[in-house]
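> kindly generate the corresponding structure for this input.
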Amino acid sequence: MGAETREDIINFTAADRYVQPKEPEVLKKLEWFKDQKLAFMVHWGVYSQLGMCESWPISDGDAYWSRRGYTWEKDSAKFRQQYFDMSKTFNPIRFDPEEWANFASKAGFRYFIFTTKHHDGFCMFDSKYSPYKVTAPDCPFHTNPRANIARELFDAFRSKGIAIAPYFSKPDWHCPWYWAQGQEKPVAFDRNPTYDPRKKPEIWDKYVEFTHNQLTELVEDYGPVDILWLDGGQVRPSNGQDIRLHELAEKLRKNNPGLIFADRTVGGEFENYITPEQTLPKTILSVPWESCISIGNGFAYGYDDDYKPPRELVRLLINVVTRGGNLALNLGAQPDGRLPRNGMKAALGLGEWLKSYGEAIFATRAVKSDYEHGEYGFTSKRGEVYALKPIKEDEIIPEKVLIPWSGKESTAFSVQSGCKLNAQRIAGGLSVTLPESEREGKLALVIKLV
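Numbering: from 1, shown residues only. Okay, here's the model as predicted:
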């Protein structure tokens, strides 16, 4: 991921450029994906030790925004070495994958997006193809029985019924075949290779093989995997960086025919769903999509992070789901291996809300209405419609509310209690009378219409 100040990172593929997959099993899996609604995303790596932005500071071309707030070594080569050497102090001895999975289950998360490798190339799994990994002899955590972090997490989350989506960076800035020495550009000149892959295919082919090997490891040795979440949109055929995903997809889908590829910001046949970052579309989108938004200030852990309260997370989820998407909430893990307590508390507040109102969220589809840009959003499931309205902290809910719904459904029920509510069709929609129990202490107003 990148910082929210970078427009070229945040921008997402336009819905009208979406290419629908042709494979029936992938289409079927995308319907499953649209049912899930809520993902738990975690950025965690050597960078977490300093509470800094993930990976980006080692790219000189991204220094102007990613190195703010720190006093770094001025010599770029020395600085990069200092960064890479953080693997020699990474020792998260309080890491407990079962605690992570128990928390995620209580918070209502349905699938798990984990940074198996960010742009810096540090593997949070025991890759056979890279020496820069959490299980390497020079990483103190390698002697821990839980050193193969991704495997430990994936097994723990699967045991809770949570689906698996490895995050994987297509650019690897530690690999000698991406930032190759002695080429057209200095190492770390920017986020791209130091050479033109079209002019140096002998180097690029080694990088493609390396990338295919690692992704095959994750899917075949760490599976079952539901989604491959691929970051680093500069790695794309139109930019001269073709990693030949069509070859890899054909291979991996032989044993996993519904495997979803999220080749984010690239477009084309392997961006099976689009991924707004730290933002969300303003209207309903008819294609599969997922907004990735941090609970804290950024994606990586920060020592002085502020976390969105449950009310804000409920508002986000409602706005996403009523516009047809999924929400991936990110919480950066601490250097000691724990998830930050205040961030967990916020997500657990969302989980408590979902215990009462999850039927209006999960396995629903967005419904267009006459009031699409107003305070209410609508979802539907099995012929029933749900009207959802986030409530501001100091907002007073009146005894009668006007739900701007013009559909045939005109009988109203409380989702929380199941009780029938008095509803009358008037100009502008349905006038619904709310008892006091439906008006106090609410994070959102949720009413079922049948």
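> and Asp205, how many residues sit next to it?
13 (other CB atoms under 10 Å). From N, CA and C alone the C-beta is placed, and that goes for glycine too.
> tell me which element it is part of?
helix 201-216 (DSSP states H and E).
> ditto for Ala300
With DSSP H and E as the test, Ala300 turns up in no helix or strand.
> strands of the stretch 351-450 of the chain, start to end?
365-366, 377-381, 384-390, 400-403, 412-414, 420-421, 423-426, 429-433, 444-449 (DSSP state E, counting those that start in this stretch).
> wait, which of the ones you listed is closest to Phe299?
strand 384-390 (24.0 Å; CB to CB).
> the inter-axis angle of that closest one versus strand 444-449?
160 degrees (axes from the mean of the first three to the mean of the last three CA atoms, to 10 degrees).
> what's the closest of the strands of the stretch 351-450 of the chain to Tyr207?
strand 365-366 (40.2 Å).
> okay, now the sheet partners of the closest one, with direction.
strand 377-381 (antiparallel) (DSSP bridges).
> pull the residues that contact the partner strand.
Counting by CB atoms under 8 Å, 6 or more residues apart in numbering, strand 377-381 makes contact with 318-319, 321-323, 359-361, 363-369, 385-389, 405, all of which sit outside it.
> give me that answer again for 6 Å
318, 322, 360, 363-365, 367, 369, 385-388 (CB atoms under 6 Å, 6 or more residues apart in numbering).
> now stretch 75-88
So stretch 75-88 is contacted by 46, 49, 58, 60, 72-73, 122, 138-139 (CB under 6 Å, 6+ apart).
> could I have the buried ones of the residues you listed as ChimeraX selection syntax?
To isolate the buried subset of those in ChimeraX, counting by 16 or more other CB atoms under 10 Å, use the following:
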select :46,49,58,60,122,139
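> only C-alpha atoms, please: export stretch 87-98 in CSV.
Once non-C-alpha atoms are left out, stretch 87-98 reads as follows in CSV (Å, rounded to 0.1, in the frame of the first residue of the first chain):
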residue,chain,number,x,y,z
SER,A,87,15.4,-7.9,9.7
LYS,A,88,18.3,-8.6,12.2
THR,A,89,16.3,-7.1,15.1
PHE,A,90,12.8,-8.3,14.1
ASN,A,91,11.8,-10.5,17.0
PRO,A,92,8.0,-10.3,17.7
ILE,A,93,8.0,-12.8,20.7
ARG,A,94,4.4,-11.8,21.8
PHE,A,95,3.0,-13.0,18.5
ASP,A,96,0.0,-15.3,19.0
PRO,A,97,-1.9,-16.2,15.8
GLU,A,98,-4.8,-17.7,17.8
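> let's have the strands of the stretch 351-450 of the chain in TSV, adding distance to Asp85.
TSV is the format used below for the strands of the stretch 351-450 of the chain (distance: least, CB to CB, whole Å):
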stretch	distance to Asp85
strand 365-366	48
strand 377-381	49
strand 384-390	46
strand 400-403	59
strand 412-414	58
strand 420-421	63
strand 423-426	65
strand 429-433	62
strand 444-449	47
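> how about the ones you listed in a markdown table, adding mean neighbour count?
What follows is the strands of the stretch 351-450 of the chain, written out as a markdown table (neighbours: other CB atoms under 10 Å):
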| stretch | mean neighbour count |
| --- | --- |
| strand 365-366 | 18 |
| strand 377-381 | 22 |
| strand 384-390 | 22 |
| strand 400-403 | 18 |
| strand 412-414 | 20 |
| strand 420-421 | 16 |
| strand 423-426 | 13 |
| strand 429-433 | 19 |
| strand 444-449 | 22 |
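> tabulate those strands (TSV), appending mean pLDDT and distance to Ile227.
Listed next are the strands of the stretch 351-450 of the chain as TSV, based on pLDDT from 0 to 100; distance: least, CB to CB, whole Å:
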stretch	mean pLDDT	distance to Ile227
strand 365-366	98	20
strand 377-381	96	22
strand 384-390	97	26
strand 400-403	96	35
strand 412-414	98	35
strand 420-421	98	39
strand 423-426	96	40
strand 429-433	97	38
strand 444-449	98	28
